[in-house]
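Undergrad: Show me how the following folds:
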Amino acid sequence: MNKFAQTTQEQATAAWINYLNQLRVDALLELLATQKDNLSDAISSINNALLKIDLEVVSTNRGGQKGMHGFIAEIAELGIGNARELISGQKATYTWVNDNGPVDLMRAGVDIQQKFSMSGGSFSLAAVEEHLKRYPDYVKNGGRYQIPQDHFTTVQRLHSMSPEEAGRLVSRSGKGESFKDWQRINKFFNEGSIQIESLEPSKLDYRDVQRGTYASTLESEQDSLRSTDRALRDRAYQRSRPKLEEGAKASLVAATLEGGTSFLLAVMAKRKAGKQFQEFSAQDWAEILTESGLGVARGGVRGVSVYSLTNFTATSAAVASSIVTATFGIAEQAHRLRNGELGALEFLENAEVVCLEAAIAALSSFVGQALIPVPVIGAVIGNTVGTIMYQCVSASLSRTEADLIKGYLADQRALDEELAAQYGRLVDELNQGLSNYLAVLERAFSPDLQIALRGSIDLARALGVPTDEILDSKNKTSSYFLD
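TA: Numbers count the residues shown, from 1 in each chain. From the prediction side, this is the model:
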């Protein structure tokens, strides 16, 4: 009974660790499947933007030579903005208003007016000022202005400069921002009705949305999305890998369970000996605690070992736990051998029994978990049924029956060898056939027309095309194409 309870607890611990591992794997697979859809949606957002620009702007010459890039910028911002949300599993937030009114885009309920302009070297601020004159309440009502990313960077840098710093820009006039640029920008914010907080950068530079560059801009964005997708997948994989903290938790839980089981079994053994609880002596409790401590130690080793074997080798949890159990059992038999309690023959026989019982427990738990796919419960039920059946069978098998089983196993091994040989021959035949097929295929697609013609005829024959349907002569070829 004690042995049965111990193996059940051991396999339950292994099944629980296996469940933890499976949760991580299932979460990773689910995330990867979702990420595949995210990438597809993000790429579609870019493709839709490209198509919309081609059909609604470029082909119709919308905005003319000077204003076309503004409409391209709106649609490109829409496609890229939504794609960057979709790639990470978020909802698309941009919509295109497209009514030639005060609002170009909507982003999560926020009005956005885009201004992509090089007029007067104002970094798009002149266009913003003109829009404010037409719609003076636009900013008060929560609207925002969006200018090219490179323009915004320049505006932000010059706006933050002190007059002393700006004075040093004179020497760089013509090569970068000038002192006049600084004066113009400061005048805009000091005398106007808008603060820099009402501006935001586009995801695009001014040059990115010109008629000759928008296609390469959006294609580059697709490459960037694929790179982001790979990074997200890699991050998900890294998060799903076995962790030291989880291994320590598994070890702690296994130690607690095995220590508790050992404590209960030790108390039950004292009770079966006829002692009441109040009769337990200090020596009895010391023995119980010693056995419990050994159980805690075994459980800790089991937890670490099972977690490591299941995560870093191709070993199932049931088998991993049985390996640990067999190791403990053989170590105990080795200790008895060294102390002279066993002879060499008895040691070998006992070691075989330990390994057999561990294997029975592993197989039973594995089958039970497969038939009853409920975490832990299936393994426990499988171990219970398998162990009881093994105990019954091992106690009742006669030597004749054992010999029959041994003979059956020998027949199975012979059959395995014969099937392995047949399999090897079939693989060789398949490889030879494939090699011949590839040789014919190579000739059929040769750049040399004569070789390709003969190769095509050989390929048709190899594929079983009827002879009268193969164009292997001038007459057949002429008849096929001209008659």
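Undergrad: Past the helix or strand of the chain with the lowest mean pLDDT, which element shows up next along the chain?
TA: Taking mean pLDDT, DSSP states H and E as the measure, the chain has helix 377-396 as its least confident helix or strand, at a mean of 44. Moving toward the C-terminus from helix 377-396, the first helix or strand encountered (DSSP states H and E) is helix 399-444.
Undergrad: what angle do the next helix or strand after that next one and helix 399-444 make?
TA: Reading on from helix 399-444 to the C-terminus, the next helix or strand found by DSSP H and E is helix 449-462. Here helix 449-462 runs at 150 degrees with respect to helix 399-444, directions being taken by axes from the mean of the first three to the mean of the last three Cα atoms, to 10 degrees.
Undergrad: Please write out the alpha-carbon positions of helix 449-462 in CSV.
TA: Coordinates of the C-alpha atoms in helix 449-462 are reproduced here as CSV (Å, rounded to 0.1, in the frame of the first residue of the first chain):
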residue,chain,number,x,y,z
LEU,A,449,16.2,23.3,-76.8
GLN,A,450,17.2,19.9,-78.3
ILE,A,451,18.0,18.5,-74.9
ALA,A,452,14.8,20.0,-73.4
LEU,A,453,12.7,18.5,-76.2
ARG,A,454,14.1,15.0,-75.7
GLY,A,455,13.9,15.5,-71.9
SER,A,456,10.2,16.5,-72.2
ILE,A,457,9.5,13.3,-74.1
ASP,A,458,11.3,11.2,-71.5
LEU,A,459,9.4,13.1,-68.7
ALA,A,460,6.0,12.4,-70.3
ARG,A,461,6.9,8.7,-70.6
ALA,A,462,8.0,8.6,-67.0
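Undergrad: Give the buried residues for it.
TA: Judged by neighbour count (16 or more other Cβ atoms under 10 Å), helix 449-462 contains these buried residues: Ala452, Leu453, Arg454, Gly455, Ser456, Ile457, Asp458, Leu459, Ala460. Just so you know, the C-beta spots here come from the backbone N, C-alpha and C atoms, and that holds for glycine as well.
Undergrad: Of the residues you listed, which is the nearest to Gly167?
TA: Within the buried residues of helix 449-462, the smallest distance to Gly167 is 75.7 Å, found for Ala452 (Cβ to Cβ).
Undergrad: low-confidence ranges in the stretch 101-250 of the chain?
TA: Counting by pLDDT under 70, the stretch 101-250 of the chain shows low-confidence ranges at 170-175, 243-248, 250.
Undergrad: what about the strands in it?
TA: For the stretch 101-250 of the chain, strands defined by DSSP state E, counting those that start in this stretch occupy the ranges 105-107, 110-114, 144-147, 199-201.
Undergrad: Tell me which of these lies nearest to Glu177.
TA: Proximity of the strands of the stretch 101-250 of the chain to Glu177 was assessed by Cβ to Cβ; the nearest stretch is strand 144-147, lying at 15.2 Å.
Undergrad: Could you spell out the sheet neighbours of the closest one, each with its direction?
TA: Each strand paired with strand 144-147, and its direction, by DSSP bridges: strand 110-114 (parallel), strand 199-201 (parallel).
Undergrad: Just name the most buried of the ones you listed.
TA: Relative to the other members of the strands paired with strand 144-147, strand 110-114 carries the highest mean neighbour count by mean count of other Cβ atoms under 10 Å, namely a mean of 20.
Undergrad: Residues in contact with that one: which ones?
TA: The set of residues external to strand 110-114 that reach it, using Cβ atoms under 8 Å, 6 or more residues apart in numbering, is 70, 73-74, 77, 102-106, 128, 131, 138, 141-147, 200, 202.
Undergrad: For the nearest residue to Phe71 once chain neighbours are set aside, which residues are in contact?
TA: Nearest non-adjacent residue to Phe71, counting by Cβ to Cβ, 6 or more residues apart in numbering: Val57, 4.7 Å away. The contact partners of Val57, by Cβ under 8 Å, 6+ apart, come to Gly63, Met68, Phe71, Ile72, Ile75.
Undergrad: separation between Arg205 and Leu50?
TA: For residue 205 the amino acid is Asp, not Arg. Asp205 sits 18 Å away from Leu50, going by Cβ to Cβ, to the nearest Å.
Undergrad: Equivalent analysis for Glu200, please.
TA: In this structure, Glu200 and Leu50 are 24 Å apart, going by Cβ to Cβ.
Undergrad: do Ala414 as well
TA: From Ala414 over to Leu50 the distance is 66 Å, taken as Cβ to Cβ.
Undergrad: Give me the more crowded residue out of the two.
TA: For Ala414 against Leu50, the residue with the higher neighbour count under other Cβ atoms under 10 Å is Leu50, and the figures read 18 against 10.
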